[in-house]
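Enquirer: Give me coordinates for this.
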Amino acid sequence: MKKFYDSLCEKDKRRYAAIESEKSSHGGVNYISTLLGKRLIVSVIHRSSH
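Expert: Presented below is the predicted three-dimensional model:
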């Protein structure tokens, strides 16, 4: 997952993180942000998911 994420452009990284966090239940945003290296601000993931 991390290798694929690193290959994406910035816009697609935000979208990918949003999709993955939506697939996870409670705590998905924090989990994905930690998994992908805290590169994404939680509010960015929330904005991209809408």
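Enquirer: Surely Leu36 is in contact with Arg14?
Expert: No: the criterion here is Cβ atoms under 8 Å, and Leu36 misses it with Arg14 at 10.7 Å. Glycine gets a C-beta too; all of them are placed from N, C-alpha and C.
Enquirer: how close does Met1 sit to Ser7?
Expert: 11 Å (Cβ to Cβ, to the nearest Å).
Enquirer: CA atoms of stretch 11-19 as CSV?
Expert: What follows is stretch 11-19, C-alpha atoms only, in CSV (Å, rounded to 0.1, in the frame of the first residue of the first chain):
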residue,chain,number,x,y,z
LYS,A,11,-3.9,15.0,-5.7
ASP,A,12,-4.2,11.3,-6.1
LYS,A,13,-2.5,10.7,-2.8
ARG,A,14,-5.3,12.7,-1.1
ARG,A,15,-8.0,10.8,-2.9
TYR,A,16,-6.4,7.4,-2.2
ALA,A,17,-6.0,8.2,1.5
ALA,A,18,-9.7,9.3,1.6
ILE,A,19,-10.9,6.1,0.0
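Enquirer: residue furthest from the geometric center of the protein?
Expert: No residue in the chain sits farther from the centre than His26, which is 14.2 Å out by Cα atoms, centre = their mean.
Enquirer: for that residue, helix, strand, or coil?
Expert: coil (DSSP: H, G, I helix; E, B strand; the rest coil).
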